[in-house]
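*Asks:* Sharing a model that was predicted from the sequence below.
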Amino acid sequence: MASGNPIDVAIIGAGPYGLSLAAHLSARGTSFRIFGIPMHSWRYRMPAGMHLKSDGFASDLYDPGSALTLGQYCKERAVPYQDVGFPVPLELFISYGMQFQQRFVPQVEETEIISLTPVSAGFMLTTANGEMLTARKVVVAVGVTHFAYIPPLLASSIPEDFLTHSSAHHDVAALRGRKVAIIGAGSSAIDLAALMHEAGVDVQVVARRERIQFHAPPVEPRPLLERIRSPRSGLGLGWRSRFCTDAPLMFHALPQRLRLRAVQRHLGPAPGWFMRDKIEGRVPVHLGAVLKEPRVQGDQVSLGFTQQNGKNVELLVDHVIAATGYRVSLQRLAFLDSTLRNAVHSVDDTPILNRDFETSVKGVFFIGLASANSFGPLTRFAYGAGFTATRIVPALASLK
């Protein structure tokens, strides 16, 4: 049986998007409950010791009055901080996020939602604790947790004992004393490789890209003409990024094929500028590699590939890590009732959202990474939580 009367809104997920939304709903006086481990992906899925790629000013969580920005948090604690040019340590971002949660969203319920089913009064949610409750509207804000992607070539050839996704390696020293190959050339791969190397892991990087595209180090202040030619945004430099941050509703109005292509191509894999010195000359990197089908040999994996010059290379490693990013997939959300999942209109197994983040199923909303194909690269990053919260709150507070 469901407990009590239906609540107005249930939020599934307590990362930057879920917490920012909850802070706005609370200020508005809208009835809601929020479920999840606060900052879960950041606390348990990112490698300890990493730094954020986003600048300090683009790494805030968002309360309606901007009372607790990352800059303000650091000022209160005399912690080093700069809007631009000072990489934000993961541990600092986590502690800031937890303080934000405690100040603005103390009612977070640290349990998972294991079932979401449509009912006559709205939606029935079942928690891992066994509670059943009804909500008129539901916001799915699960972040990246469910969407780790491993390419089929690796997943079909390497047993699970020898293969993991980069998100499984918060403890970078866990594989010390073993030979490890990391597949990928983006920040997940490079950050993890550098941190594992520093922790004493025998690690190498294998990537199909012909070069690692490190971000350029910021130089401030910039000349006026350069600022006009390439304005700064929360996603980096350039007018394309500025369009994505400043006009997400215009992005939403673009033809679907253009939106999908932009999300796929803009801001591809690129480590932060501060990682170059931690990798070059320190960690072996094999670029332009075309992987062959891996195979297990005894207690090791044979990872064969062809390099740019046509040379065939074979690495024997104890473990392979796929730093191959995240792909949103409705089918990966096991808590969604199959009837509900199939009723959500989608493209490439991602939800199609209206201008208020609502799906084709009235009362079901998706925010964060899952909304990127509708609103652009902005919502792939924490920086998009501010726009999202302010845009979605009126629709959630409405009685319609």
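*Replies:* Yep, that arrived.
*Asks:* Quickly find the element holding the residue nearest to Ala135 when sequence neighbours are not counted.
*Replies:* Spatially, and ignoring its direct neighbours in sequence, Ala135 is nearest to Ala10 (3.7 Å; CB to CB, 6 or more residues apart in numbering). In this view, the C-beta of every residue, glycine as well, is placed from N, C-alpha and C. Using DSSP states H and E, Ala10 maps to strand 7-12.
*Asks:* by contact count, what packs against that strand?
*Replies:* Helices and strands touching strand 7-12, by 3 or more CB pairs under 8 Å, 6 or more residues apart in numbering; DSSP states H and E, are helix 16-28, strand 32-35, strand 113-119, strand 122-127, strand 132-140, helix 385-397.
*Asks:* Neighbours of the residue nearest to Ala135, how many?
*Replies:* Residues contacting Ala10 under the criterion other CB atoms under 10 Å number 23.
*Asks:* quick one: contacts of stretch 252-268?
*Replies:* 186, 213, 235-236, 240-241, 244, 251, 347-348, 355, 372-377, 380 (CB atoms under 8 Å, 6 or more residues apart in numbering).
*Asks:* Only the buried subset of the residues you listed, as a PyMOL command please.
*Replies:* To isolate the buried members of those in PyMOL, using 16 or more other CB atoms under 10 Å:
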select buried, resi 186+235+236+241+244+251+372+373+374+375+376+377+380
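*Asks:* the helices in this protein, which residues?
*Replies:* Taking DSSP state H, the helices of the chain run over residues 16-28, 40-44, 70-76, 90-104, 152-157, 187-198, 224-229, 239-246, 248-253, 256-265, 276-279, 338-343, 372-375, 385-397.
*Asks:* And the ones you listed: which comes nearest Ser166?
*Replies:* Closest to Ser166 of the helices of the chain is helix 187-198 (CB to CB; 4.6 Å).
*Asks:* mind saving the C-alpha coords of that closest one as PDB?
*Replies:* Below are the C-alpha coordinates for helix 187-198, written out as PDB (Å, rounded to 0.1, in the frame of the first residue of the first chain):
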ATOM      1  CA  SER A 187      39.400  13.000 -19.700                       C
ATOM      2  CA  SER A 188      38.200   9.800 -18.100                       C
ATOM      3  CA  ALA A 189      41.000   7.800 -19.600                       C
ATOM      4  CA  ILE A 190      43.800  10.300 -19.100                       C
ATOM      5  CA  ASP A 191      42.800  11.300 -15.600                       C
ATOM      6  CA  LEU A 192      42.600   7.700 -14.500                       C
ATOM      7  CA  ALA A 193      45.900   6.700 -16.200                       C
ATOM      8  CA  ALA A 194      47.800   9.600 -14.600                       C
ATOM      9  CA  LEU A 195      46.300   8.900 -11.100                       C
ATOM     10  CA  MET A 196      47.000   5.200 -11.400                       C
ATOM     11  CA  HIS A 197      50.500   5.800 -12.600                       C
ATOM     12  CA  GLU A 198      51.100   8.000  -9.500                       C
END
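*Asks:* about what we covered before: surely the residue nearest to Ala135 meets Lys137?
*Replies:* Yes: using CB atoms under 8 Å, Ala10 makes contact with Lys137 at a distance of 7.5 Å.
*Asks:* between these two, what contacts are shared?
*Replies:* Phe123.
*Asks:* ok so, going back, redo the helices of the chain as a markdown table? Include distance to Ser166 and mean pLDDT.
*Replies:* Formatted as a markdown table, the helices of the chain follow (distance: least, CB to CB, whole Å; pLDDT from 0 to 100):
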| stretch | distance to Ser166 | mean pLDDT |
| --- | --- | --- |
| helix 16-28 | 20 | 97 |
| helix 40-44 | 12 | 97 |
| helix 70-76 | 24 | 98 |
| helix 90-104 | 14 | 98 |
| helix 152-157 | 12 | 96 |
| helix 187-198 | 5 | 98 |
| helix 224-229 | 35 | 96 |
| helix 239-246 | 25 | 97 |
| helix 248-253 | 28 | 98 |
| helix 256-265 | 20 | 96 |
| helix 276-279 | 15 | 96 |
| helix 338-343 | 27 | 96 |
| helix 372-375 | 19 | 98 |
| helix 385-397 | 23 | 97 |
